[in-house]
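Asker: Quick one, what's the 3D model for this:
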Amino acid sequence: MEQASRFGSDRRLVILWTLAMVALNVLAVASLSTAMSRNRHEAVRRHTERLDPVAPESGLTKEETTIPADAHPVEVRVGMYVDRISALSLKDSTWTVDFFIWFRWRGDAMNIGEDFVVVDGTVDTRTKEAEFVEDGEQYVRYRATATITKFFDVTRFPLDDHLLTISIEDPEFQRNELLFLPDEGSEVSSRAGVSAYRVALAGVVEKPHAYKTRRGDPRLPSNYKSIHSQFRLGISLSRPDWGFFFKLFQGLFAALAVAIAVFFIKPTHVDPRFGLGVGAFFAAAANAYVTSSLIPDTGVMTLADIINGVALVTIFLTVVQSIVSLHVFDNRGEEALSRTYDHFSFWLFAMGTITFNVAVPLAAAW
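Answerer: Here you go, the predicted structure:
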C-alpha cells in the first residue's frame, strides 16, 4: 500500500513537471513573439515617418511647419549620391559616410552649400568639386565625408533593420528664407556596402527641423523655435538572409542538443548525465558573452539576449530534470517511471526548444 502511494506521488510529480514545462514554453513563445512583432511594426512606423514629408517632426505643430504666405524663401534643389559607407558600429552608435552633394538655385543673394552642416554628425572633410552658372541657375557640388551619431534600436538583433539618415541644413537661414527641395538623381552606390546588411536607398525628403531654444537671446520670446529646412536622405539596412543569425547561434544550438540528448543516458550514470549538461551550460554562457560584445551596453533585452537567456534556463532545467529522474530511479526504485519521465522530457524539451527558436525569430524578422 505504501509503495502504491509512493508510486502515485511520483507519477503526479512527473505529470506536474510536464504541465509546468508546457505552460512555461507556451507563455514564453506567446509573450516574446508578441514583443518582437510589436517592435518590428513600431520600427516600420518610425522609419516611415522620418521620410514622410507630411508627417511633422516631434515638437512641431502643423501651423509651425507651414511657410507664411508673405514669405518668399529661396528654393534650392538638393541632391546627394552616397559613394561609400566606410564604417558602421552598432556598439559605438556611429557610422561614417562618403558622399557627393549638389545644390541648384536661381539668384545670387546666397552662398548656398558653403556652410551646410550634417545634423547629429560632423563634416570631416568638404571639397568643392564644381561651381558654375548656366541659364541663370547656379550650381555647386561638393564631395564630403561625415561621421554621424545613430542610436540603433537593437531590440531585434541579429534580425534587426535600421534607417540611416543624412540630414543637411544651412544654419544661417531659417525655413521661411531658404527651402531645400529634393533634386532628381539622388542615389546610393552599389559600393556602399555594410557587412551582414543589405543597403538600399529608402528615399529623399525635405523636412522642417526645429531648435526649441532662443540660445540666450533676451530679445526673443521664451517659447521661441528656430525652424530650418532640412534635406534628408534615408538609407535602409536590412538583413539579406538568416546566415548571420545561424552563425551567431550554431554553437548555442549544439549545446542545447547535447543538453537534451542526456535524457537517453541512465540517470545513475552520473558523470555523463550531469557532466554534459554542465558543459552545455558553460558553452551557452560563452555564447551569450560573445553576442553581447557586438551591441551597445544598454538596458534593452535584445533578441540575442533572449535566445541566450532562454537557452541557459533550458539547460539548467535539464539538469534539474536529471536530478529528479535520479531520485525516482535510485532512491525510489521506480526505474520504469524514470525512463518514462526521461522519454516525455526529451520530447518536451526538444519540441519546446525548436518551437521557441523558430517562432520568436520569425516574429522579429517578419
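
Asker: Does anything pack onto the lowest-mean-pLDDT helix or strand in the chain? Which helices or strands?
Answerer: The helix or strand with the lowest mean pLDDT-type score in the chain, counting by mean pLDDT, DSSP states H and E, is helix 2-50 (a mean of 84). Applying 3 or more C-beta pairs under 8 Å, 6 or more residues apart in numbering; DSSP states H and E, we find helix 2-50 packed against strand 162-169, strand 226-238, helix 303-326, helix 335-365. The C-beta positions use only the backbone N, C-alpha and C, and glycine is treated the same way.

Asker: Mean neighbour count, distance to Phe152 and mean pLDDT for those - can I get that in JSON lines?
Answerer: Formatted as JSON lines, the helices and strands packed on helix 2-50 follow (neighbours: other C-beta atoms under 10 Å; distance: least, C-beta to C-beta, whole Å; pLDDT from 0 to 100):
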{"stretch": "strand 162-169", "mean neighbour count": "22", "distance to Phe152": "6", "mean pLDDT": "96"}
{"stretch": "strand 226-238", "mean neighbour count": "21", "distance to Phe152": "9", "mean pLDDT": "94"}
{"stretch": "helix 303-326", "mean neighbour count": "20", "distance to Phe152": "13", "mean pLDDT": "95"}
{"stretch": "helix 335-365", "mean neighbour count": "18", "distance to Phe152": "15", "mean pLDDT": "93"}
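
Asker: Dump these to CSV, plus distance to Leu201.
Answerer: CSV is the format used below for these (distance: least, C-beta to C-beta, whole Å):
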stretch, distance to Leu201
strand 162-169, 11
strand 226-238, 7
helix 303-326, 27
helix 335-365, 22
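
Asker: residues contacting the spatially most central residue of the chain?
Answerer: Nearest residue to the geometric centre of the chain (C-alpha atoms, centre = their mean): Val154, 3.1 Å. Contacts for Val154 (C-beta atoms under 8 Å, 6 or more residues apart in numbering) come out as 90, 160, 295-296, 298, 300, 302.

Asker: which non-adjacent residue is nearest it?
Answerer: With C-beta to C-beta, 6 or more residues apart in numbering as the criterion, Val154 has its nearest non-adjacent residue at 4.8 Å, and that residue is Ile295.

Asker: show me the contacts for the one you found.
Answerer: 90-91, 154, 157, 302, 304.

Asker: hey, where'd the strands end up in the stretch 51-200 of the chain?
Answerer: Using DSSP state E, counting those that start in this stretch, the strands of the stretch 51-200 of the chain run over residues 74-89, 94-106, 117-118, 121-134, 137-149, 162-169, 178-182, 187-188, 198-211.

Asker: Reformat those as JSON lines; add distance to Ile227.
Answerer: Formatted as JSON lines, the strands of the stretch 51-200 of the chain follow (distance: least, C-beta to C-beta, whole Å):
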{"stretch": "strand 74-89", "distance to Ile227": "16"}
{"stretch": "strand 94-106", "distance to Ile227": "20"}
{"stretch": "strand 117-118", "distance to Ile227": "15"}
{"stretch": "strand 121-134", "distance to Ile227": "20"}
{"stretch": "strand 137-149", "distance to Ile227": "22"}
{"stretch": "strand 162-169", "distance to Ile227": "11"}
{"stretch": "strand 178-182", "distance to Ile227": "11"}
{"stretch": "strand 187-188", "distance to Ile227": "28"}
{"stretch": "strand 198-211", "distance to Ile227": "5"}
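
Asker: nearest to Val22, of those strands?
Answerer: The closest of those to Val22 is strand 162-169. By C-beta to C-beta, the value is 36.8 Å.

Asker: For that closest one, name the packing helices and strands.
Answerer: Checking 3+ C-beta pairs under 8 Å, 6+ apart, strand 162-169 ends up next to helix 2-50, strand 74-89, strand 94-106, strand 117-118, strand 137-149, strand 198-211, strand 226-238.
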